[in-house]
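Peer 1: could you look at this predicted model? Sequence included:
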Amino acid sequence: MKETRHGLEVLSTSSEDMHSPMAGLGFGLPLARLYARHFGGDLDIVSVYGHGADVYLRLDKNGEVLEKLTF
């Protein structure tokens, strides 16, 4: 039987316990940016020296924009 973790218990899961082929490979933020841009938004990461990083996600609230093309 598969064990289900809830809440903050998920954060303590080691990479050996994860069963996703992409887990831990660094695809998370690039994929999130791709999805955000597809829906007319963007994802920005701002590094704050000595404190960490802030991540800002902007999405089109109307849902009318399908893809923002940038060249």
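Peer 2: Arrived safely. Quick caveat, the model's predicted, so the values are computed rather than measured. Residues are numbered from 1 along each chain as shown.
Peer 1: this protein: helices as residue ranges?
Peer 2: 28-38 (DSSP state H).
Peer 1: got any ranges where it has weak pLDDT?
Peer 2: For the chain, residues meeting the criterion pLDDT under 70 lie at 1-19, 63-71.
Peer 1: tell me which stretches of it form strands.
Peer 2: Counting by DSSP state E, the segments of the chain that form strands are 42-48, 52-58.
Peer 1: distance to Ser20 and mean neighbour count added to the ones you listed, as a markdown table?
Peer 2: Bear in mind the C-beta positions are built from the backbone N, C-alpha and C, glycine included. Below are those laid out as a markdown table (distance: least, Cβ to Cβ, whole Å; neighbours: other Cβ atoms under 10 Å):
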| stretch | distance to Ser20 | mean neighbour count |
| --- | --- | --- |
| strand 42-48 | 20 | 11 |
| strand 52-58 | 21 | 10 |
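Peer 1: who wins for proximity to Arg33 among the ones you listed?
Peer 2: When those are compared by Cβ to Cβ, strand 42-48 sits nearest Arg33, at 4.2 Å.
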